[in-house]
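S.K.: Sequence and predicted structure, then a few things I'm wondering about:
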Amino acid sequence: MNVLFFSPGFPAEMPHFVRGLAEVGARVIGIGDQPLEAMPDTARNALAYYERVESLWDEPAILATVRGLADRVGIDRVECLWEPGMLLAASLREKLGLPGMTLGQTVPFRDKEEMKRVLDRNGIRTPRHARATTAAECRQAAEHIGFPLIVKPIAGAGSADTYRVDGEKGLEDVLPRIRHVPEVSVEEFIDGEEYTFDTICAGGKILYYNIAWYRPSPLLGRSNEWISPQTVSLRNPDAPELAGGLGMGKEVLKALDYRTGFTHMEWFRKHDGEAVFGEIGARPPGARSVDIMNYASDFDVFSGWAEAVCHGRLSQPLERRYNAAVIFKRALGQGRIQRIEGLHSLLQRFGPHVVEIDLLPIGAQRRDWKQTLRSDGNLIVRHPDLAATLEMADRVGTDLQIFAG
Ligand SMILES: Nc1ncnc2c1ncn2[C@@H]1O[C@H](COP(=O)(O)OP(=O)(O)OP(=O)(O)O)[C@@H](O)[C@H]1O
Ligand SMILES: [Mg+2]
């Protein structure tokens, strides 16, 4: 099977999915804007063919290139696991008459109002919501929905331009800051814990699922630099307190008629236990989330996805052994990393449970924590017991300090 893979070298997880495809016997044809020399080895070694394009966003040019590839090497599937390319991939499938998600099936995964409209029709609990393109429409929506509320881009990612608004004055403060966003979603603010529901499906059947817990909520983690945000892949996604989200997740996939590939849903568990839908993407989560799924089960989710896509099955045995937490660190101070404190004593205390240390080296320039959740690096810890996992993750949050200057 020849699989056209959109942007095999970027973002960071893509090379592993490409590797997975090659491992299950697919011939992977990459299309991307990186020079082949700049491609991570993992991807380069797995590609049967690579076509470099000037821009990934010039749809007519991409279509012409892909038609050429289809004639020369043959294409059986088009796969894109990167949010900004989802619609383009759907359009390519339609134009080439290939199986997989159509434009019509993709839009509800991209447009946050359309998404909630479909789910509302199917009786799924979404936050009260409205679409707004002008300041006047935002004010009107606020009146209708009530405070506190959330204003966020219709096609957002990474919590960019997302604001909690507590009253009329707050709304007036936020409106000028979102003037550059063409269309926003105004939503009832849901107070609760935030979780994911991630799946690999084939032919409309769930072959693998994962629930991860965000500590704290992504909005808080991305608004406060001092926080070390955690994502925890839970060993027991079937715990009774998660049943509302798990059930909702299955209903959501049905309502959107999802067939084959990776999905990443986010949902809230309110303090009274009610599950409320957040959002869903037809792609895997980023920011090391797939890696912690792997660490939780000593499993290879990357090739699991590839097998599901190419062969409609997932044959690796799944044994949920651990809770696995990734903790993202942000340095204190600006500039280059000067020193790292606390790592030694953390390793003495939790050594065998720390499965990955991926911190920027001394001398490296700090990353922009607003732009990338990867921040200045991360640790991954795992333990069969959830309380022990959370304790370690919190210790990494408080006791590991990176200094820049
Ligand atoms: N209705 C809501 N109530 C409470 N918090 C919300 C609401 N909508 C969004 N948020 C907060 O803002 C964050 C970002 O919103 P959302 O997930 O819709 O956008 P995104 O930018 O696509 O996210 P991602 O970071 O997953 O790419 C959420 O994770 C949550 O913390
Ligand atoms: Mg989100």
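M.R.: Structure received. Ligands and ions are numbered 1, 2, ... in the order given.
S.K.: Where do the helices of this protein begin and end?
M.R.: Ranges of helices within the chain are 14-23, 41-46, 59-72, 86-96, 103-110, 112-121, 135-145, 168-174, 218-221, 243-255, 289-297, 301-311, 343-350, 386-399, based on DSSP state H.
S.K.: what's the second one packed up against?
M.R.: Under the contact criterion of 3 or more C-beta pairs under 8 Å, 6 or more residues apart in numbering; DSSP states H and E, helix 41-46 touches helix 14-23. Backbone N, C-alpha and C define where each C-beta goes, glycine included.
S.K.: Over to the fifth one?
M.R.: In terms of contacts (3+ C-beta pairs under 8 Å, 6+ apart), helix 103-110 is packed against helix 86-96, helix 112-121.
S.K.: and the angle from it to helix 86-96?
M.R.: Orientation check (axes from the mean of the first three to the mean of the last three C-alpha atoms, to 10 degrees): helix 103-110 against helix 86-96 gives 170 degrees.
S.K.: residues in the protein within reach of ligand 1, list them.
M.R.: Counting by C-beta under 6 Å from any ligand atom, the residues of the chain close to ligand 1 are 127, 150, 152, 156-159, 162, 187-190, 194, 217-219, 266, 278-279.
S.K.: Mind doing that once more with 5 Å?
M.R.: Proximity of the chain to ligand 1, by C-beta under 5 Å from any ligand atom, involves residues 127, 150, 156-159, 162, 187, 189-190, 217-219, 279.
S.K.: okay if I get the helices of the chain as a markdown table plus mean pLDDT and distance to residue 360?
M.R.: Listed next are those as a markdown table, based on pLDDT from 0 to 100; distance: least, C-beta to C-beta, whole Å:
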| stretch | mean pLDDT | distance to residue 360 |
| --- | --- | --- |
| helix 14-23 | 98 | 20 |
| helix 41-46 | 96 | 21 |
| helix 59-72 | 93 | 34 |
| helix 86-96 | 95 | 31 |
| helix 103-110 | 94 | 33 |
| helix 112-121 | 93 | 33 |
| helix 135-145 | 94 | 39 |
| helix 168-174 | 93 | 33 |
| helix 218-221 | 93 | 19 |
| helix 243-255 | 98 | 34 |
| helix 289-297 | 98 | 17 |
| helix 301-311 | 97 | 24 |
| helix 343-350 | 97 | 13 |
| helix 386-399 | 98 | 15 |
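S.K.: For stretch 61-74, buried residues please.
M.R.: Neighbour counts using 16 or more other C-beta atoms under 10 Å place 62, 65, 66, 69, 70 of stretch 61-74 among the buried residues.
S.K.: Please convert the helices and strands packed on helix 103-110 to JSON lines, extending it with distance to residue 313 and mean neighbour count.
M.R.: Output for the helices and strands packed on helix 103-110, formatted as JSON lines (distance: least, C-beta to C-beta, whole Å; neighbours: other C-beta atoms under 10 Å):
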{"stretch": "helix 86-96", "distance to residue 313": "22", "mean neighbour count": "20"}
{"stretch": "helix 112-121", "distance to residue 313": "28", "mean neighbour count": "18"}
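S.K.: Identify whichever of those lies nearest to residue 330.
M.R.: Closest of the helices and strands packed on helix 103-110 to residue 330 is helix 112-121, at 27.8 Å (criterion: C-beta to C-beta).
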